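Colleague: Build me a structure from this.
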Amino acid sequence: MKLSVIIPVFNEKYTLAEVVDAVRDAALPDGVEREVILVDDASSDGTDAVIRDIIARHPEVVALRQPQNRGKGAALRAGIARATGDVLVCQDADLEYAPAELGRLLAPILAGEADVVYGSRFLTADRRRVLYFWHSLGNRLLTLVSNMLSDLNLTDMETCYKMARADLLKSIPIRCNRFGIEPELTAKFAKREARIFEVPISYRGRTYREGKKITWRDGFRALGVMLWFRFVDDLYDERHGHAILHSLSGTHRFNRWMADAIRPWLGDRVLEIGAGLGNLTEQFLPRAAYTVTDLDPLHLHYLTNRYASHRHISVRLLDVAEKAHFQGLENSFDSVVCLNVLEHVERDAAGLQNIYAALAPGGCALILVPRGMQLFGTLDTVLGHVRRYTRGELEQKLVAAGFTVEKIFTFNRIGVPGWWLNGRVLHRKHFGKLQLKVYDSLVWLWRLLEQVLPWPGLSLIAVARKPVASS
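Modeller: This is a model prediction of the structure:
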């Protein structure tokens, strides 16, 4: 375990060396290494000379310099990109926050309880310097508005001390360059459904004469940031189609429709492959035993958080094409659910063989894949699709894996024109939020039209069984 401490610096030559020494001396739990990253935001008061002296004394400290002053958010963005730790935290370069308390913030993450930890200046702590009433009131008002918009119950949204798992923080695009980073990250942590904890910290605030930089103008900007990210879902970078998957997770009526299409064949001991954010998992619970899997670390963390208290649900890493990942799972399930997975896999035949091995004799594989290479477009590319299937190709591969194919049918006929328009004509890389809301709100109508529209659906669903005689 490594903790990366990112220190944005702007004109802090009198306090920086002391802060760095305090960070280096802070007691951390056994086995936790530390990484210190200084990001000089184009200081003009001689801070660069102090940084050179720090590097001379401590060569392991990483120093970055911004070409021009852009603000705390921009400096943190640079530091996050450079950090190599498993957990990241921001440390201001003044003396308001005590690095000795970093170990306290780290404890909930090490215990596996939290993804994000906020150090609260307003929870009970050993001590707190008494300073500006209006500044404190402003912080509390901003926290109140943030809580109303994000449905959290934080006591200190504006705190500098925000510690987070590196994979989570690195996957979030940071847009704000100044102090708006605080409400921005809070809104995005909330929408990503991260497990957020607060711990009390001591706080030795400083006056404006002592160098405090945040002003009432930043408070008004923070309100604008909160409102913006309340309605804009800018939650992931462009890798792996996470943004599309998150958007689709909100289409609850569509997910229920998809679940209803395969529910008649679902048993009590279920293996779900490629669960993503658990959109379909919720539709199939409860079951006697449910194993939910994925290959993406972000999804695995999310699923672990979501189902940590469910005794009959286990979460595990699984690559459908890797035989080693199925060791110990042979003949264990009466149902394997594999929805929108095989199209991502080069060796899909190996994946089907592994699914076959995991099923008990008589067990049922429920496979959903996208249909028709003529529909392949930019949405497929963003999602990482290798192919789209024909009915004949899917049936042939199932039979080759040993299955008896009971049924193959198309699903979501109404989705074909929209997919073709967005991916083939408009070359879009995501769905519009309004577009998805309208589509989801009319699922009742699409279910009726499914029986009468003359073209095949956007997806193929296969019901394939492992013969009872198999060993």
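Colleague: what's the average pLDDT for the longest helix along the chain?
Modeller: Scanning the chain for the longest helix, with DSSP state H as the assignment, gives helix 133-150. Averaging pLDDT along helix 133-150 gives 78.
Colleague: Any buried residues in that helix, and which?
Modeller: Residues His135, Gly138, Asn139, Leu142, Thr143, Val145, Ser146, Asn147, Leu149, Ser150 are the ones in helix 133-150 that count as buried (16 or more other CB atoms under 10 Å). Just so you know, the C-beta spots here come from the backbone N, C-alpha and C atoms, and that holds for glycine as well.
Colleague: The residue lying closest to Tyr307 once chain neighbours are set aside bridge partners, please.
Modeller: Once flanking residues are discounted, Tyr307 sits nearest to Ile313: 4.4 Å by CB to CB, 6 or more residues apart in numbering. Beta-bridge pairing of Ile313, defined through DSSP bridges, involves Tyr290.
Colleague: The stretch 51-200 of the chain: helices as residue ranges?
Modeller: Along the stretch 51-200 of the chain, counting by DSSP state H, counting those that start in this stretch, helices occupy 72-82, 102-110, 133-150, 166-170, 181-191.
Colleague: Identify all contacting residues around the fourth one.
Modeller: Outside helix 166-170, the residues within contact range by CB atoms under 8 Å, 6 or more residues apart in numbering are 4, 80-81, 83, 85-88, 115-116, 189, 192, 194, 297-298, 301.
Colleague: Can I have the buried ones of those residues as a ChimeraX selection?
Modeller: The buried residues among the contacts of helix 166-170 can be selected in ChimeraX (16+ other CB under 10 Å) with this line:
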select :4,80,83,85,87,88,115,116,189,192,194,298,301
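Colleague: Keep only those of the contacts of helix 166-170 that are in strands.
Modeller: For those, the ones inside strands are Ser4, Val87, Leu88, Val116, with DSSP state E as the criterion.
Colleague: Hmm, Ile37 and the first one touching each other?
Modeller: Meaning Ser4. Yes: between Ser4 and Ile37 there is a contact at 6.3 Å, judged by CB atoms under 8 Å.
Colleague: which residues are common contacts for these two?
Modeller: With CB under 8 Å, 6+ apart as the test, Ser4 and Ile37 both reach Gly79, Ala83.
Colleague: follow-up on the earlier one: which one among the buried residues of helix 133-150 gets closest to Pro67?
Modeller: Minimum distance to Pro67 across the buried residues of helix 133-150 is 30.6 Å, recorded for Leu142 (CB to CB).
Colleague: Show me which strand runs longest in the protein.
Modeller: Longest strand in the chain, counting residues (DSSP E): strand 359-370.
Colleague: Could you please name the strands that strand pairs with and the direction of each pair?
Modeller: Strand 359-370 is paired, per DSSP bridges, with strand 333-339 (parallel), strand 459-465 (antiparallel).
Colleague: Could you export the ones you listed to JSON lines, including columns for distance to Asp53 and mean pLDDT?
Modeller: Below are the strands paired with strand 359-370 laid out as JSON lines (distance: least, CB to CB, whole Å; pLDDT from 0 to 100):
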{"stretch": "strand 333-339", "distance to Asp53": "58", "mean pLDDT": "96"}
{"stretch": "strand 459-465", "distance to Asp53": "62", "mean pLDDT": "97"}
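Colleague: Looking at those strands, spot the one closest to Trp228.
Modeller: Nearest of these (CB to CB): strand 333-339, 33.6 Å.
Colleague: okay, that closest one in CSV with CA atoms only?
Modeller: What follows is strand 333-339 as a C-alpha-only set of coordinates in CSV (Å, rounded to 0.1, in the frame of the first residue of the first chain):
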residue,chain,number,x,y,z
PHE,A,333,-24.5,-23.2,-11.1
ASP,A,334,-27.9,-24.0,-12.5
SER,A,335,-27.8,-20.7,-14.5
VAL,A,336,-25.1,-18.5,-16.1
VAL,A,337,-26.2,-15.0,-17.1
CYS,A,338,-23.9,-13.4,-19.7
LEU,A,339,-25.4,-10.2,-21.0
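Colleague: quick one: contacts for the residue nearest to Tyr307?
Modeller: Counted by CB under 8 Å, 6+ apart, Ile313 has contacts Leu285, Tyr290, Thr291, Val292, Tyr307.
Colleague: Look up how far Ser146 lies from it.
Modeller: 32 Å (CB to CB, to the nearest Å).
Colleague: and if you look at Trp455?
Modeller: From Trp455 across to Ser146, the span is 47 Å (CB to CB).
Colleague: swap in Leu434?
Modeller: From Leu434 across to Ser146, the span is 25 Å (CB to CB).
Colleague: now do Val438
Modeller: In terms of CB to CB, Val438 sits 29 Å off from Ser146.
Colleague: How about Gly423?
Modeller: Look at Gly423 and Ser146: by CB to CB, they are 36 Å apart.
Colleague: Then Asp40?
Modeller: For Asp40, the distance to Ser146 - CB to CB - is 29 Å.
Colleague: swap in Pro264?
Modeller: From Pro264 to Ser146 the distance is 45 Å (CB to CB).
Colleague: In the protein, where is pLDDT below threshold?
Modeller: Filtered on pLDDT under 70, the chain yields the residue ranges 124-136, 205-216, 218-219, 238-250, 470-471.
Colleague: can you rerun that using 80?
Modeller: For the chain, applying pLDDT under 80 flags the ranges 123-139, 204-220, 222, 229, 231-251, 305, 308-309, 430-434, 469-471.
Colleague: Tell me where it has strands.
Modeller: With DSSP E as the criterion, the chain has strands spanning 2-9, 33-40, 62-65, 87-90, 116-120, 162-165, 196-200, 269-273, 289-294, 313-317, 333-339, 359-370, 404-411, 459-465.
Colleague: Just put those strands in CSV and tack on distance to Val19.
Modeller: Formatted as CSV, the strands of the chain follow (distance: least, CB to CB, whole Å):
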stretch, distance to Val19
strand 2-9, 7
strand 33-40, 10
strand 62-65, 14
strand 87-90, 12
strand 116-120, 15
strand 162-165, 16
strand 196-200, 20
strand 269-273, 48
strand 289-294, 40
strand 313-317, 39
strand 333-339, 50
strand 359-370, 53
strand 404-411, 58
strand 459-465, 55
